[in-house]
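Undergrad: make a model of this:
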Amino acid sequence: MNQLLNAAGITHWKPLLSMLLMPPVPFLLMALVAAVLLVRSRSRRALVALFAGLLLTWGSLTVAMGEWLHAHGMPDIPAFSPRQVAQLRADVQAGRKVAIIALGAGRERLAPEYNQPSLRPLTMERLRYAIWLSRQTGAPLGYTGGIGHGAVPGPSEAEVARRIAQEEFGLTLRWAEDRSRDTRENGQLTVPLLRADGIEQVVIVTHDLHMPRALRAFREAAAAQGTLLEVVPAPAGISSLSDDRFTRWFPSDAGQLLNWYFWHEKLGWWAGA
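TA: Coordinates of the predicted model:
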């Protein structure tokens, strides 16, 4: 799908297509069609479709449904353990060429309180954890992210990340890839930078739901470019948003985010983005 959109020259439609395909929009459309059929025919099938559409819409806004989808629809990628942190530190001290790369998740064109562009909350989670991991291990840090499909012109994510890392955390990014528009391009455009510096292992920092696409992008890019590169996941923001047995079954902003993120990543995986 991603290749078809590229060939047709309509990659800027990706955000719109994504919005139309992700819950709760399909379920609301199902309920709307069912309501029309019910008015016209008073059929039992229409009633079932209407009930299903409304029930699925409710579920797609709850933490309970989001966590169920995550548990059954995504591979289990555990957090980077203290043992792995210690091993990575030892590898760096032994002279192994290691890199930590944070993947972008969008920028804010203008943060009024700073009077300049900033990074979205999900992006800041990734950057913050990548910076912490870099300081814990001594491995150099990079960031990959340009201007996404359909986004308004302005500074790239990498430009904003470079400034925030320097000004707010006192850390200089060694790599700042600023041309990629999606996860596949993150890998395609970052691997050559790592290859030029002789990097042998790259630690990928992104959210756990996004990690399968990120790993695929970097591994495929390395294979396509003939680079021997070990790709290691270090997920940030492990998705466990609620332990309340009651409210987790009710619509909430946390539930909507978890459901949206799951389907966003599934559609991206199927489309090859």
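Undergrad: what residue lies at the spatial centre of this protein?
TA: residue 210 (4.1 Å; CA atoms, centre = their mean).
Undergrad: correct me, but that one touches residue 265?
TA: Yes: here residue 210 lies in contact with residue 265, judged by CB atoms under 8 Å, at a distance of 5.7 Å. From N, CA and C alone the C-beta is placed, and that goes for glycine too.
Undergrad: who's in contact with the residue nearest to the centre of the chain?
TA: By CB atoms under 8 Å, 6 or more residues apart in numbering, the contact set of residue 210 is 103, 105, 183, 261, 265.
Undergrad: from residue 155, how far out is it?
TA: 22 Å (CB to CB, to the nearest Å).
Undergrad: if we can go back for a sec, list just the nearest of the contacts of residue 210 to residue 89.
TA: For these, the residue nearest residue 89 by CB to CB is residue 103; the value is 22.3 Å.
Undergrad: which non-adjacent residue is nearest the closest one?
TA: Spatial nearest neighbour of residue 103, excluding adjacent residues (CB to CB, 6 or more residues apart in numbering): residue 206 at 4.3 Å.
Undergrad: which stretches of the stretch 1-150 of the chain have low pLDDT?
TA: Counting by pLDDT under 70, the stretch 1-150 of the chain contains low-confidence residues at 1-19.
Undergrad: which stretches in it count as strands?
TA: When secondary structure is read from DSSP state E, counting those that start in this stretch, the stretch 1-150 of the chain shows strands at 98-103, 107-111, 116-119, 141-144.
Undergrad: now do the end-to-end distance for stretch 92-100.
TA: Counting by CA to CA, to the nearest Å, you get 11 Å between the two ends of stretch 92-100.
Undergrad: list of residues touching that stretch?
TA: 88, 91, 130, 133-134, 137-142, 174-175, 194, 197-203, 205, 234.
Undergrad: how many neighbouring residues does the residue lying closest to residue 235 once chain neighbours are set aside have?
TA: Once its chain neighbours are removed from consideration, residue 235 has its nearest residue in residue 208; the separation is 3.9 Å (CB to CB, 6+ apart). The number of residues packed near residue 208 is 22, by other CB atoms under 10 Å.
Undergrad: just the one 3 residues further on next, same as before
TA: Residue 211: 21 surrounding residues under other CB under 10 Å.
Undergrad: and it, how close does it get to residue 50?
TA: 37 Å.
Undergrad: now the helices for the protein?
TA: Listed in chain order, the helices found in the chain under DSSP state H are 2-8, 14-21, 25-41, 44-59, 63-73, 82-93, 121-137, 157-169, 183-196, 211-224, 253-271.
Undergrad: residue 110: which of these is closest?
TA: When the helices of the chain are ranked by proximity to residue 110, the top entry is helix 157-169, at 11.0 Å, counting by CB to CB.
Undergrad: can I get that closest one as CSV, trimmed to CA atoms?
TA: Listed in CSV are the C-alpha atoms of helix 157-169, where the atom choice follows Å, rounded to 0.1, in the frame of the first residue of the first chain:
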residue,chain,number,x,y,z
GLU,A,157,11.5,17.2,14.0
ALA,A,158,15.3,16.5,14.1
GLU,A,159,16.0,20.2,14.2
VAL,A,160,13.7,20.7,17.1
ALA,A,161,15.0,17.6,18.9
ARG,A,162,18.6,18.8,18.4
ARG,A,163,17.8,22.1,20.1
ILE,A,164,15.8,20.6,22.9
ALA,A,165,18.5,18.0,23.6
GLN,A,166,21.2,20.7,23.8
GLU,A,167,19.3,23.5,25.5
GLU,A,168,17.2,21.5,28.0
PHE,A,169,19.3,18.4,28.6
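Undergrad: what is the rounded mean pLDDT of it?
TA: In this model, helix 157-169 carries a mean pLDDT of 96.
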